[in-house]
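>>> Everything below, folded, please.
(one chain, ligands or ions: 1)
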Amino acid sequence: MEKLSKNDIETRLLRLPDWEYFDNAIHAEFEFENFKDCFSAMSRIAFECEALNHHPDWKNVYNVLSISLSTHDADGVTDKDFKLAQAIEAIIEEEE
Ligand SMILES: C[C@H](O)[C@H](O)[C@H]1CNC2=NC(N)=NC(=O)C2=N1
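Below you'll find the predicted structure:
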């Protein structure tokens, strides 16, 4: 999977306003009502990750989920990260 250029990444991010690019990865933070809602979204995201065989670096503190996406094999951001970011957005929108 080919690593995307900074320009490509920034162009693609125009369609994903929750996400930003820094430190060689794309990042987003989502806040939920409480821990249960947050963990419920994380479970749904986890199944999607398995289906896509692509996995986030993520952190949960109570009702906040912080996600970073990069492709370890490519040492950067690839199309796989954008596919997963889109899937995550769809899940978050359904949970809202
Ligand atoms: C063997 C397996 O396909 C690889 O280890 C996959 C699994 N999930 C992955 N997830 C991420 N974020 N980057 C990878 O390079 C990656 N590689």
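>>> Mind telling me what element A28 is part of?
When elements are assigned from DSSP states H and E, A28 belongs to strand 25-31.
>>> Tally up the residues packed near H54, please.
Residues contacting H54 under the criterion other CB atoms under 10 Å number 18. Any C-beta I mention is one placed from the backbone N, CA and C, and that applies to glycine too.
>>> In this model T71 seems to touch it, though I could be wrong.
Yes - assessed by CB atoms under 8 Å, H54 is found in contact with T71 at 7.4 Å.
>>> any shared contact partners between these two?
Shared between the contact lists of H54 and T71 (criterion: CB atoms under 8 Å, 6 or more residues apart in numbering) are residues 80-81.
>>> any idea whether S66 is helix, strand or coil?
Three-state secondary structure (criterion: DSSP: H, G, I helix; E, B strand; the rest coil) places S66 in strand.
>>> The ligand contacts on the chain?
Neighbours of the ligand within the chain, by CB under 6 Å from any ligand atom: 53-55, 71-73.
>>> Counting neighbours, which of those residues end up buried?
For the residues of the chain next to the ligand, a burial check counting by 16 or more other CB atoms under 10 Å picks out 54, 71.
>>> ok, so of the residues of the chain next to the ligand, who is nearest S5?
Among these, T71 lies closest to S5 (CB to CB), at 14.0 Å.
>>> From E33, how far out is that closest one?
In this view, T71 and E33 are 32 Å apart by CB to CB, to the nearest Å.
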